[in-house]
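# Return atomic coordinates for the entry below.
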Amino acid sequence: MVSMFSKSLLVISNAFLINSLYAQTIFGNLSLSANKEIKLYGYEGLKTYLISTSHSDDKGNFKLVFSKTNYGIGYLISENNKPKFIILNGQNIDLKGKTLDSAKISSNKENYLFQNYTNQHPFREQLLNTWMYLEKVYTQDTTLAIQSNTIKAICREKIRLNNESTNFLLSLPNDSYIRWFLPLRNLINSVSNIVHYRTEEIPETIAAIRSLDFTDSRLQRSGLLKDAIESHFWVLENCGKNSDSIFVLMRTSIDCIMGSLRRNEKLLNEVTYYLFNLLERHSFFQASEYLALKLLNDKQCILDTNVSNQLESYRAMKKGEIAPEINLSSNTYINGFQQTSFNNLASFKTPYTIVFFGASWCTRCTEELPRAIQAYVKWRNLGIEVLYISLDTDSTAFKNDIKKYPFFAYCDFKKWESPIVKEYYVYGTPTFYLLDNKRRIILRPSSILQIDAWVDWFLVKGNRK
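Coordinates of the predicted model:
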């Protein structure tokens with residue numbers, strides 16, 4: 001039997017353990033935010049997670065307690081307030097102001113420096129861009145190029161502004177989180193200016209993202225992982241090269257990112273899923289195909305089922321492959337009326353067929369379907385038929401929806417378990433395939449607008465020649 005002394009000792013030990021883990025506190029006073037819920041979030045890879053929640057009292061006082069394991073960038077958010085970004089560095093934070101977004105940090109030196117730098121840097125960056133613009137004007141205009149003193153003054157001011165930021169970062173302790181964080185954030189935030197006004201910095205910018213260790217815990221806790229990937233591929237897209245050269249650059253970047261992630265299976269799957277969809281959304285189909293085949297052929301990369309199925313569609317359903325036959329039952333309709341004369345894809349005698357997978361519960365489908373309806377008359381006149389395959393399970397919802405569709409609609413009410421869905425490697429809706437009359441895949445579009453652009457270019461324009 002455990003003695004009372006042992007039980008007391010156990011309780012004390014547990015309390016000590018809890019206090020040691022949850023030793024950091026945010027003390028806040030927001031005079032205009034009384035009786036509000038305030039939440040503290042952190043970052044983990046591509047996702048955010050809730051760390052702590054509190055309610056301010058009738059004077060706006062609140063307290064949030066968090067663990068030492070919560071480090072990196074966090075943000076506080078409350079009703080009708082912009083998020084307040086802070087550094088979670090294992091120290092208490094005192095916050096005071098009228099509202100959350102205007103509150104000042106009066107303790108915690110790293111947060112104090114972070115706050116001041118964040119307030120000053122946008123103005124410094126704006127000034128730097130202004131001086132760089134003036135430098136180009138003065139050096140490229142022959143009538144102004146003779147103003148050597150003015151040009152020297154501009155150069156001195158550029159150097160001063162750059163040194164001001166650099167010296168601040170160098171003054172920080174080596175283990176300071178913001179010493180690592182701020183240069184990366186500044187780089188990501190400046191990509192638009194670099195592409196438009198400082199094109200000479202594009203190669204350096206591309207190299208900087210490629211050199212990142214994507215498994216670095218500082219990056220995982222920064223909230224910058226998604227922005228780093230997005231801004232990097234945006235720079236590649238807008239670097240001024242032709243499409244073939246851009247694909248080569250993207251292929252190299254994919255190699256760098258995936259190579260960095262190979263030792264972290266969980267993160268590899270998360271980033272792969274995100275990057276694949278990013279490339280698809282922006283119609284970088286060569287790059288998304290390269291990513292898919294690279295990982296599927298790499299035996300050392302362990303992909304989870306969802307990611308593997310998504311990527312597998314490129315190996316089995318890539319451009320030029322023959323799409324599986326689709327056998328249709330009595331659940332085929334047009335304008336709400338049942339059709340019996342169309343038993344499979346071979347029944348469609350038009351030169352082209354668009355196979356469109358969607359559902360009544362799919363938000364994007366509700367945007368894409370009206371576009372398909374609007375374009376259908378033009379498509380049909382140009383020899384394109386549409387087969388809409390619904391993933392609905394509710395026959396009433398399906399039959400109500402298809403009354404307004406001028407094209408063929410089919411549903412077997414098996415959702416993701418439908419044989420057609422599995423054979424076509426459909427992992428999300430909407431999904432589109434454009435097939436020729438031999439069921440050869442000629443396009444894997446991401447939207448109705450992309451299909452219509454293809455139609456205008458290859459069929460409408462082709463007929464005019």
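# What score does the nearest residue to residue 265 once chain neighbours are set aside have for pLDDT?
Closest residue in space to residue 265, ignoring its immediate chain neighbours: residue 302 at 5.2 Å, by C-beta to C-beta, 6 or more residues apart in numbering. Where C-beta positions appear, they are placed from N, C-alpha and C, glycine not excepted. Residue 302 is assigned a predicted lDDT (pLDDT) of 82.
# cool, residue 122 as well?
At residue 122, the model reports a pLDDT of 77.
# Please determine how far it is located from residue 300.
Distance of residue 122 to residue 300, given as C-beta to C-beta, to the nearest Å: 43 Å.
# ok, residue 445 touching residue 435?
No: contact criterion C-beta atoms under 8 Å: residue 445 and residue 435 do not qualify, at 11.7 Å.
# Can you tell me the centre-most residue of the protein?
Centroid-nearest residue in the chain: residue 226, 5.4 Å away (criterion: C-alpha atoms, centre = their mean).
# contacting residues for it?
46, 274 (C-beta atoms under 8 Å, 6 or more residues apart in numbering).
# That one: what secondary structure?
Classification of residue 226 using DSSP: H, G, I helix; E, B strand; the rest coil returns helix.
# and residue 188, how far is that from residue 418?
From residue 188 to residue 418 the distance is 42 Å (C-beta to C-beta).
# same question, residue 125
For residue 125, the distance to residue 418 equals 52 Å [C-beta to C-beta].
# Between these two, which is the more surrounded one?
The neighbour comparison of residue 125 against residue 418 (other C-beta atoms under 10 Å) goes to residue 418, with 19 against 16.
# got a pLDDT number for the more buried one?
With respect to pLDDT, residue 418 has a value of 94.
# Just list the residues touching it, thanks.
When the contact criterion is C-beta under 8 Å, 6+ apart, the partners of residue 418 are 389, 391, 412.
# ok, those residues vs residue 264, which is closest?
Nearest to residue 264 among the contacts of residue 418: residue 391, at 32.9 Å, using C-beta to C-beta.
# ok, now which ones touch the closest one?
Per C-beta under 8 Å, 6+ apart, neighbours of residue 391: 357, 358, 359, 362, 411, 415, 416, 418, 421, 426, 429.
# one step back: touching, the residue nearest to residue 265 and residue 266? I think so.
No: the criterion here is C-beta under 8 Å, and residue 302 misses it with residue 266 at 9.8 Å.
# Looking at the two, which is more packed in?
In this view residue 302 and residue 266 are compared by other C-beta under 10 Å, and residue 302 has more residues nearby, 14 against 11.
# Next, the contact list for residue 350, please.
380, 383, 384, 385, 437.
# residue ranges for the strands of the stretch 351-465 of the chain, please.
In the stretch 351-465 of the chain, the segments counted as strands under DSSP state E, counting those that start in this stretch are 352-358, 384-390, 408-410, 431-436, 441-443.
# can you list these in CSV and add mean neighbour count, mean pLDDT and distance to residue 211?
As requested, the strands of the stretch 351-465 of the chain are exported to CSV (neighbours: other C-beta atoms under 10 Å; pLDDT from 0 to 100; distance: least, C-beta to C-beta, whole Å):
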stretch, mean neighbour count, mean pLDDT, distance to residue 211
strand 352-358, 24, 97, 40
strand 384-390, 24, 96, 45
strand 408-410, 23, 94, 50
strand 431-436, 20, 95, 35
strand 441-443, 16, 92, 36
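# and residue 207, which of those strands is closest to it?
For the strands of the stretch 351-465 of the chain, proximity to residue 207 was assessed by C-beta to C-beta; strand 441-443 is nearest, at 34.0 Å.
# Check for me that residue 310 belongs to a helix.
Yes: the assignment for residue 310, made by three-state DSSP, places it in a helix.
# Could you find the closest non-adjacent residue to it?
Sequence neighbours aside, residue 427 is the residue nearest to residue 310 in space, at 4.4 Å (criterion: C-beta to C-beta, 6+ apart).
# same thing with residue 300?
Counting by C-beta to C-beta, 6+ apart, the residue nearest residue 300 is residue 262, at 6.5 Å.
# for the stretch 1-150 of the chain, what are the low-confidence residue spans?
For the stretch 1-150 of the chain, applying pLDDT under 70 flags the ranges 1-23.
# where do the strands sit along it?
Going by DSSP E, counting those that start in this stretch, the stretch 1-150 of the chain shows strands at 24-30, 37-44, 47-55, 61-66, 72-78, 84-88, 93-97, 104-105.
# I'd like to know which of these lies nearest to residue 282.
strand 47-55 (21.7 Å).
# Show residues contacting that closest one.
The list of residues contacting strand 47-55 from outside it, by C-beta under 8 Å, 6+ apart, reads 35-43, 62-67, 70, 74, 223, 270.
# again, but for stretch 448-456
Residues outside stretch 448-456 that contact it (C-beta under 8 Å, 6+ apart) are 283, 354, 368, 371-372, 375, 378-379, 382, 384, 432, 434, 443, 445.
# Dump those to a markdown table, plus distance to residue 322.
Formatted as a markdown table, the contacts of stretch 448-456 follow (distance: C-beta to C-beta, whole Å):
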| residue | distance to residue 322 |
| --- | --- |
| 283 | 23 |
| 354 | 16 |
| 368 | 25 |
| 371 | 28 |
| 372 | 24 |
| 375 | 26 |
| 378 | 27 |
| 379 | 22 |
| 382 | 23 |
| 384 | 19 |
| 432 | 17 |
| 434 | 14 |
| 443 | 14 |
| 445 | 18 |
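# one step back: can I get the strands of the stretch 1-150 of the chain in CSV with mean neighbour count?
Formatted as CSV, the entries for the strands of the stretch 1-150 of the chain read as follows, by neighbours: other C-beta atoms under 10 Å:
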stretch, mean neighbour count
strand 24-30, 21
strand 37-44, 19
strand 47-55, 14
strand 61-66, 18
strand 72-78, 21
strand 84-88, 22
strand 93-97, 20
strand 104-105, 17
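# now those in JSON lines, with distance to residue 343?
Output for the strands of the stretch 1-150 of the chain, formatted as JSON lines (distance: least, C-beta to C-beta, whole Å):
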{"stretch": "strand 24-30", "distance to residue 343": "66"}
{"stretch": "strand 37-44", "distance to residue 343": "50"}
{"stretch": "strand 47-55", "distance to residue 343": "46"}
{"stretch": "strand 61-66", "distance to residue 343": "62"}
{"stretch": "strand 72-78", "distance to residue 343": "56"}
{"stretch": "strand 84-88", "distance to residue 343": "59"}
{"stretch": "strand 93-97", "distance to residue 343": "68"}
{"stretch": "strand 104-105", "distance to residue 343": "70"}
